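In: Fold the stuff below for me.
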Amino acid sequence: MFTSLEPIFDGSFTRLPTSKELVCPGTFVFVLPPDLNPEAKLLGRIIRSGQNSSSGTIRINLFQPPSTEDNIPSLNLSCLTETVQVVQTTYIVDVHPANIVEVSFVIPYPQLLDDSNMLEVSGMKLVRVLRGRISEGGFEEYFTPSFPSSYDEFHSFYCTFDDVAYRKWVEVVLPIQALLSRLLCRSSLQQGDNFCKKRSEPHQFTSYQWNWMSMFLASHGAPIRNVPLTRRSKRLLVRPTTVSASSIQACCQLIRCETAAQLKAVALLFGNCCLVGLRDAPPSVSNSVLLHKSTCNVIVPSESEEHPFILNTSRLGIDFEHNGAVLKITVRYCKVDGSHNIVKGLFQGRIEAVPLSQLVPVTQDLSAVSVNSFFQLDDGQLAYVTAINANGLCMCTEAQGERPGTVCLPYDFVSNRIRLYRLEQLNITD
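Out: Down below sits the predicted model:
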């Protein structure tokens, strides 16, 4: 039954109406329904391209969310928060290429559970999680390939460059997601509290990749700006040995995401994980962080865009800068507690209180004092150790509040507080 639903690789393509790209059979696409309602767009995989069809239509196999009558086992996993789950059906429809909206990324859920893949898709608009396929015989856990280039027949007529969906996923989504996560997940205690700024290393990024990313962000309210830049160029003169410097005027395109809607656009493309990161330090016990009590790096949105536009702004947000060949990302964020409303809004259902007994061996020295050790003050405030001085005093900083304070406390007092806090977390009576 499902054999007739396999894509037909014959060297033909389908032109996308918006981006004018050529996609091959086997590509997952979003398609407008017959009533052209964009809110009810369909998900399908191209079986046959319209290039070799007399009617000019393309044939797609529909994938849709499972219904309650399908009796599919529920899959409530934290990594699937805010993602749409779908199953392959036996339905086939013929549509006009003009009704195609955009390519989609359909990922089988076992790949999300495999730690070696390190995939994070929560909140991504173009991603669908595949549960299996369903027919008259019932539900079956069978997963079709995510990309056309995964088929052996594909390489007889196409090359990997022709797999548009694979290129966008591997060359744009995953690298930018990794860059943003690397910028936000910093453990340095000298990075600041109310304002932190981190700039990525130059990343090779073609105009094709930039155009697709920028058009997606622009369609969700993030404007594209042409920004003039002045760069210094130096040249060494041998006779005499002097250095000559000159200024070079250049221009680049810049996208700034600072409002809630613009930051939401980043999350829709790259996932919620790209807007918040853990400091990896306070609070931690044996390098195991409890997310609901940890200190996070987060981008707090502004109420409106900055006017006039200032390149070196002090506002929180993300800047994507592209000069035609290289992409640079600048992230400006602040420190908040893991229970902050922004963190909860990004990870609904994911902030769970893991019992500390599952993370810390009981046999370890619970009174040991080290940098980033977490404990509770007399007033109930959480704090962590930032430095241990030779005079028997410990520099400690509050882990909560908009303006955390710093205080010097005796070593023995801090050691006892750390022991009591860890005993409490382990549910052990002293």
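In: R199 and K328 touch, don't they?
Out: Yes. R199 lies in contact with K328 (Cβ atoms under 8 Å); the separation is 6.5 Å. For every residue, glycine as well, the C-beta is placed using N, CA and C.
In: Between the two, point out the one with more neighbours.
Out: Shown here are R199 and K328; by other Cβ atoms under 10 Å, K328 has more neighbours (18 against 13).
In: The more buried one: what's it in contact with?
Out: K328 sits next to R199, S200, E201, P202, H203, E321, H322 when contact means Cβ atoms under 8 Å, 6 or more residues apart in numbering.
In: got a pLDDT number for L346?
Out: For L346, the model assigns a pLDDT of 74.
In: so what's it up against?
Out: Shown in contact with L346 (Cβ under 8 Å, 6+ apart): G123, A267, N272, L275, V276.
In: hang on, the first one packs against C274?
Out: When you say that, I think you mean G123. No. Assessed by Cβ under 8 Å, G123 is found out of contact with C274, at 9.0 Å.
In: Between those two, which is the more surrounded one?
Out: Taking other Cβ under 10 Å, G123 and C274 do not tie; C274 has more neighbours (26 against 23).
In: Quick check: closest non-adjacent residue to that one.
Out: In this structure, C274 finds its nearest non-sequential neighbour in L180, 3.9 Å apart by Cβ to Cβ, 6 or more residues apart in numbering.
In: how close does the one you found get to V101?
Out: According to Cβ to Cβ, to the nearest Å, L180 and V101 sit 25 Å apart.
In: Can you give the contact residues for stretch 105-116?
Out: 28, 43, 45, 63, 75, 77, 79-80, 85-86, 117, 119, 121, 124, 126-131, 143-144, 146, 165, 168-169, 173.
In: taking the mean pLDDT, what do you get for that stretch?
Out: Rounded mean pLDDT across stretch 105-116 is 84.
In: Buried residues in that stretch, which are they?
Out: By neighbour count on 16 or more other Cβ atoms under 10 Å, the buried set for stretch 105-116 is F105, V106, I107, P108, Y109, L112.
In: Kindly report the same for stretch 379-387.
Out: Residues of stretch 379-387 classed as buried: L382, A383, Y384, V385, T386 (neighbour count, 16+ other Cβ under 10 Å).
In: Show the pLDDT at the fourth one.
Out: Same thing as V385. Reading off the confidence values, V385 has pLDDT 85.
In: sorry, back to before: return the members of the contacts of stretch 105-116 classed as buried.
Out: Among the contacts of stretch 105-116, those classed as buried by 16+ other Cβ under 10 Å are 28, 43, 45, 63, 80, 85-86, 119, 121, 124, 126-131, 143-144, 146, 165, 168-169, 173.
In: For L180 and V101, work out which one has more neighbours and name it.
Out: Neighbour comparison, L180 and V101: the larger count goes to L180, with 23 against 15 (by other Cβ under 10 Å).
In: Correct me if wrong, but that one is in a helix.
Out: Yes. Judged by DSSP: H, G, I helix; E, B strand; the rest coil, L180 forms part of a helix.
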